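In: Sequence first, then the predicted structure:
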Amino acid sequence: MDDLVCPNCHRDDDLAGERRGELIRITCATCNLTWDRDPSPRCKTCGNRDVRVAPKAVWERVRGNQIITVALTTVHLCSTCDADTLRAWLNSGTPIAPDENPAAGLK
Ligand SMILES: [Zn+2]
Ligand SMILES: [Zn+2]
């Protein structure tokens, strides 16, 4: 587990792991992100093993049409199939936006 850091806050000092079958459920106490660590991740589309775990935001629209991040999930990004998303995530340093943007219909 030496290369393990939280995909959201990039810290490794407060991680707890709990084995669940093939996967290890990791919890980061620093930012409360929980994700499953697959010991041999693989792209479902092309079989590429060069995938990264990235945090993905879950948004909710609250009163006043504000958008808040209510939770974080994680996704696997393939260096080939998800190159654009991967690059955008690495550049921004913030969780990936949801596929469905609840703010989309507001403008
Ligand atoms: Zn974290
Ligand atoms: Zn792929």
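Out: Okay, I see it. Ligands and ions are numbered 1, 2, ... in the order given.
In: Okay, strands next: where are they in this protein?
Out: 15-20, 23-28, 34-37, 51-62, 66-78 (DSSP state E).
In: which one of those lies closest to P7?
Out: Taking Cβ to Cβ, strand 51-62 is the member of the strands of the chain nearest to P7, at 4.8 Å. Quick note: C-beta positions are derived from backbone N, CA and C, even for glycine.
In: Pull out the buried residues from that closest one.
Out: 51-57, 59 (16 or more other Cβ atoms under 10 Å).
In: Run through the neighbouring helices and strands of that strand.
Out: strand 34-37, strand 66-78, helix 83-92 (3 or more Cβ pairs under 8 Å, 6 or more residues apart in numbering; DSSP states H and E).
In: Whether it contacts ligand 2 - can you check?
Out: No: between strand 51-62 and ligand 2, judged by Cβ under 5 Å from the ion, nothing touches; the nearest distance is 7.4 Å.
In: Could you confirm whether that strand reaches ligand 1?
Out: No: Strand 51-62 does not reach ligand 1 (Cβ under 5 Å from the ion); its nearest approach is 8.4 Å.
In: mean confidence for that strand?
Out: For strand 51-62, mean pLDDT is 91.
In: Dump the strands of the chain to TSV, plus distance to T85.
Out: Listed next are the strands of the chain as TSV, based on distance: least, Cβ to Cβ, whole Å:
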stretch	distance to T85
strand 15-20	24
strand 23-28	22
strand 34-37	17
strand 51-62	8
strand 66-78	6
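In: To N8, which of these lies closest?
Out: strand 51-62 (4.1 Å).
In: Can you check what angle separates that closest one from strand 66-78?
Out: In terms of direction (axes from the mean of the first three to the mean of the last three Cα atoms, to 10 degrees), strand 51-62 departs from strand 66-78 by 160 degrees.
In: what comes into contact with strand 51-62?
Out: For strand 51-62, the external contacting residues (Cβ atoms under 8 Å, 6 or more residues apart in numbering) are 7-8, 33, 35, 37, 41-43, 67-79, 85-86, 89, 95-98, 101-103.
In: Now the buried members of these.
Out: By 16+ other Cβ under 10 Å, these give 7-8, 33, 35, 37, 41, 43, 67, 72, 74-75, 77-78, 85-86, 89, 95-97 as buried.
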